[in-house]
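Asks: this is a predicted model, with the sequence first.
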Amino acid sequence: MSRRRRFGKSCGMELNMKRATMHLISADGERAIEFSCPALLSNLFAQNGIPVDMPCGGKKRCLKCKVQVSGCVSPIDEREKSFLTKAELKSNIRYACMTYAVGDIKVEIKKSAQGESNI
């Protein structure tokens, strides 16, 4: 599968390692993190020391890595959609282990890794 097909129109950006920014809002405050596109959200969090509950290590098994994300992300697939409620879909909740950032994004993590939920 080609990169363009996998990541949709990519917010009008070419995916040849384009630099983008993740604006993160968490209990620790706000910060901006630059990264190369495309990047799996769970990998971005791990590489930048951002605590997100992922007991399965990002292997798409535990379904605990829900975050609220907006901006240029990969289209949601049927598998991911089947695990989310209508309210979560409407609120831009996604699984970090299943979602790629393909451009500038804003991520909100409402609880720390020690909490029950990331959203």
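Replies: Yep, that arrived.
Asks: can you show me the strands along the chain?
Replies: 19-26, 29-36, 39-40, 66-73, 93-95, 100-108 (DSSP state E).
Asks: would you turn the ones you listed into JSON lines with distance to residue 82, mean neighbour count and mean pLDDT?
Replies: Every residue, glycine included, has its C-beta placed from N, CA and C. Putting those into JSON lines (distance: least, C-beta to C-beta, whole Å; neighbours: other C-beta atoms under 10 Å; pLDDT from 0 to 100) gives the following:
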{"stretch": "strand 19-26", "distance to residue 82": "26", "mean neighbour count": "17", "mean pLDDT": "96"}
{"stretch": "strand 29-36", "distance to residue 82": "28", "mean neighbour count": "12", "mean pLDDT": "96"}
{"stretch": "strand 39-40", "distance to residue 82": "19", "mean neighbour count": "17", "mean pLDDT": "97"}
{"stretch": "strand 66-73", "distance to residue 82": "14", "mean neighbour count": "20", "mean pLDDT": "97"}
{"stretch": "strand 93-95", "distance to residue 82": "11", "mean neighbour count": "22", "mean pLDDT": "97"}
{"stretch": "strand 100-108", "distance to residue 82": "18", "mean neighbour count": "22", "mean pLDDT": "97"}
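Asks: which among those strands is found nearest to residue 81?
Replies: Smallest distance to residue 81 across the strands of the chain (C-beta to C-beta): 9.9 Å, for strand 93-95.
Asks: can you list contacts of that closest one?
Replies: With C-beta atoms under 8 Å, 6 or more residues apart in numbering as the test, strand 93-95 has contacts from 41, 60, 63, 65-69, 73, 76, 80, 83-84, 119.
Asks: let's see that with 6 Å instead.
Replies: 65, 66, 68, 69, 80, 119 (C-beta atoms under 6 Å, 6 or more residues apart in numbering).
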